[in-house]
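Enquirer: Sequence and computational prediction follow.
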Amino acid sequence: MKKLILSAIFLLFGFHCAISQEVKFSGTLETLWGAGAPWTDKDTARGRMTLGETSFTGKIDSYFGKSSALVEGSARYDSIEDSEDFSLSECWLDYTSDSLGLRVGRQKTAWGKADGIDITNVICPKDLSSLAVMTTNEKLAIDALRFSVNGNQFTADAYWIPFFTPAKLSGAKFEKPESKMSKGEFGLKFSGYFSVLDFSLYGFYGRDDMPFLNYTMSAEGVNVTGEYKDMAMLGMDAAIPIKETVLRMEAAFFPERHFQKSSNSIIEEKMFSAETLSSASIESSLQRNEISALAGLDWMPEGWTFTAQYYCDYVFGELENLEREKALQHGATLSVSKKLLADTLELSLSGVLGLNDFDSFIKPVVTYSLSDQINLSGGAYVFIPGPDRDGQYGSYKDLSTGYVRCKFSF
């Protein structure tokens, strides 16, 4: 069914291009090489190539009257894994009148006003397939129908997502739930735009894009399976401009969200169930209410950009038997960038600090534009453990990498 719908969209896209008043073709060719930092483990990372990707991305836009169409695809070769990947990033048809809009096909959208932190941004799944995309918070497209209503100072978007797309994980793949009309995902966004305030309200009902792992014992060892659980979210955001400064706020509530149980807890429960001859099913998760929030500040004086954010996440109820150890998880981010030499050179430094374990992730980057088409950049992904324990970011300390990148755009 999914292939049939995408094939129909391709045919309509081809017809649209044939009759379009304007067709644009653009794309990028990019090479990224990286090696383990000098302070990483000498046996597994130090000096070894950790990044080796060459990719091509092409995009076709066509316009005819009040309609438009877009298709974007990419081809990537990973020298480290010796693997090739061909993907259709986006492919949609769109019609927009003065007050109504309709878009159908594979599309990307971003919710919320946070920078690099997901609070309400749950509609598109995560891409965690490589170090490069993990550090840029890349998202995957969804196959959806979006209906929009547009006014002078507001917009409302309703999404129907009949096909579930899970997060893309490196080396891990689990069976997706069966696609049914009654089990589609739904999203709703309402935004208002005023001179002193922009705000949005969000609602989502679907599935968590990360799998919940279950463990069973066998003669060969421990078998791991994954299951995708239902999830709901209610959220809001707001941005207030004050001269060169923008204040941002965002919050989300997840009622009865599923949280992963620890592997030891699952295995012990199954062993006890076997000993007592019980046939009760052992769940891989427990449900708890969760609230997430963020407050941020953007300051943009001449040639400079400063962004600072504080974010937090709180889970209500007992955490016993869960993988999560602390009810409150919080942190802060900081990003600074400066353009020089007639905007041909950009220096930037961004980072995130986990305030539970005081672990951090730092990303310095230097980018130079040789021309309007060619950019050269060099930088690093630096993961620093906390003083007492590694923490979320510190656990990747041996993935700290220095890299160079060359990008040609057309």
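Expert: On my side now, so go ahead.
Enquirer: could you give the mean pLDDT of stretch 272-290?
Expert: Mean pLDDT, stretch 272-290: 78.
Enquirer: Between the two ends of it, what distance do you get?
Expert: End-to-end distance of stretch 272-290 (Cα to Cα, to the nearest Å): 30 Å.
Enquirer: Kindly report the same for stretch 221-238.
Expert: 50 Å.
Enquirer: List the buried residues for it?
Expert: 226-229, 231, 233-237 (16 or more other Cβ atoms under 10 Å). Where C-beta positions appear, they are placed from N, C-alpha and C, glycine not excepted.
Enquirer: Please compute how far stretch 56-68 lies from its chain's middle.
Expert: Put simply, stretch 56-68 sits 24 Å off its chain's centre (Cα atoms, centre = their mean, to the nearest Å).
Enquirer: if we can go back for a sec, dump the buried residues of stretch 221-238 to a markdown table, plus secondary structure.
Expert: What follows is these, written out as a markdown table (DSSP: H, G, I helix; E, B strand; the rest coil):
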| residue | secondary structure |
| --- | --- |
| 226 | strand |
| 227 | strand |
| 228 | coil |
| 229 | coil |
| 231 | strand |
| 233 | strand |
| 234 | strand |
| 235 | strand |
| 236 | strand |
| 237 | strand |
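Enquirer: Can you tell me which of these is closest to residue 114?
Expert: Ranked by distance to residue 114 (Cβ to Cβ), the buried residues of stretch 221-238 are led by residue 237 at 7.9 Å.
Enquirer: hey, what's that closest one bridged with?
Expert: Residue 237 has these beta-bridge partners by DSSP bridges: residue 200, residue 250.
Enquirer: Equivalent analysis for residue 64, please.
Expert: Beta bridges link residue 64 to residue 67, judged by DSSP bridges.
Enquirer: ok, now residue 332?
Expert: According to DSSP bridges, beta-bridge pairing links residue 332 with residue 310, residue 353.
Enquirer: what's the neighbour count on it?
Expert: Counted with other Cβ atoms under 10 Å, residues neighbouring residue 332 total 16.
Enquirer: Grab the nearest non-local neighbour of residue 110.
Expert: Distance criterion Cβ to Cβ, 6 or more residues apart in numbering; nearest residue to residue 110, sequence neighbours excluded, is residue 121 at 6.0 Å.
Enquirer: Pull up the gap between residue 329 and residue 266, please.
Expert: Plainly put, residue 329 is 22 Å away from residue 266 if you go by Cβ to Cβ, to the nearest Å.
Enquirer: just residue 309 next, same as before
Expert: With Cβ to Cβ as the criterion, residue 309 and residue 266 are 35 Å apart.
Enquirer: just residue 223 next, same as before
Expert: Distance, residue 223 to residue 266, by Cβ to Cβ: 12 Å.
Enquirer: Give the residues shared as contacts by the two.
Expert: Residues touching both residue 223 and residue 266 (Cβ atoms under 8 Å, 6 or more residues apart in numbering) are residue 215.
Enquirer: Endpoints of stretch 98-112, how far apart?
Expert: Distance between the two ends of stretch 98-112: 25 Å, counting by Cα to Cα.
Enquirer: contacts for it?
Expert: By Cβ under 8 Å, 6+ apart, stretch 98-112 touches 6, 9, 88-96, 118-124, 139-151, 159, 189, 200, 202, 235, 237, 250.
Enquirer: Would you mark the buried spots in it?
Expert: In stretch 98-112, the ones that count as buried by 16+ other Cβ under 10 Å are 101, 103-109, 111-112.
Enquirer: closest to residue 352 among the residues you listed?
Expert: residue 112 (16.3 Å).
Enquirer: helix, strand or coil for the closest residue to that closest one other than its chain neighbours?
Expert: Leaving out its chain neighbours, the residue that sits closest to residue 112 by Cβ to Cβ, 6+ apart is residue 120, at 4.2 Å. Secondary structure, three-state DSSP: residue 120 is coil.
Enquirer: in the host helix or strand of residue 380, what's buried?
Expert: Assessed by DSSP states H and E, residue 380 sits inside strand 374-384. Within strand 374-384, the residues that count as buried by 16+ other Cβ under 10 Å are 375, 377, 379, 381-384.
Enquirer: Partner strands of it and their direction?
Expert: strand 360-369 (antiparallel), strand 401-409 (antiparallel).
Enquirer: Including distance to residue 348, could those strands go into JSON lines?
Expert: Formatted as JSON lines, these follow (distance: least, Cβ to Cβ, whole Å):
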{"stretch": "strand 360-369", "distance to residue 348": "5"}
{"stretch": "strand 401-409", "distance to residue 348": "13"}
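Enquirer: And these: which comes nearest residue 73?
Expert: For residue 73, the closest of the strands paired with strand 374-384 is strand 401-409, at 16.1 Å, according to Cβ to Cβ.
Enquirer: So which bits of that closest one are buried?
Expert: Of all the residues in strand 401-409, those buried under the rule 16+ other Cβ under 10 Å are 401-403, 405, 407.
Enquirer: ok, residues contacting it?
Expert: 26-37, 50-51, 131, 372-381.
Enquirer: Show me what the mean pLDDT comes to for that strand.
Expert: In this model, strand 401-409 has a mean pLDDT of 97.
Enquirer: can I get the buried residues of stretch 221-238 in TSV with pLDDT?
Expert: Listed next are the buried residues of stretch 221-238 as TSV, based on pLDDT from 0 to 100:
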residue	pLDDT
226	90
227	93
228	95
229	96
231	97
233	98
234	98
235	98
236	98
237	98
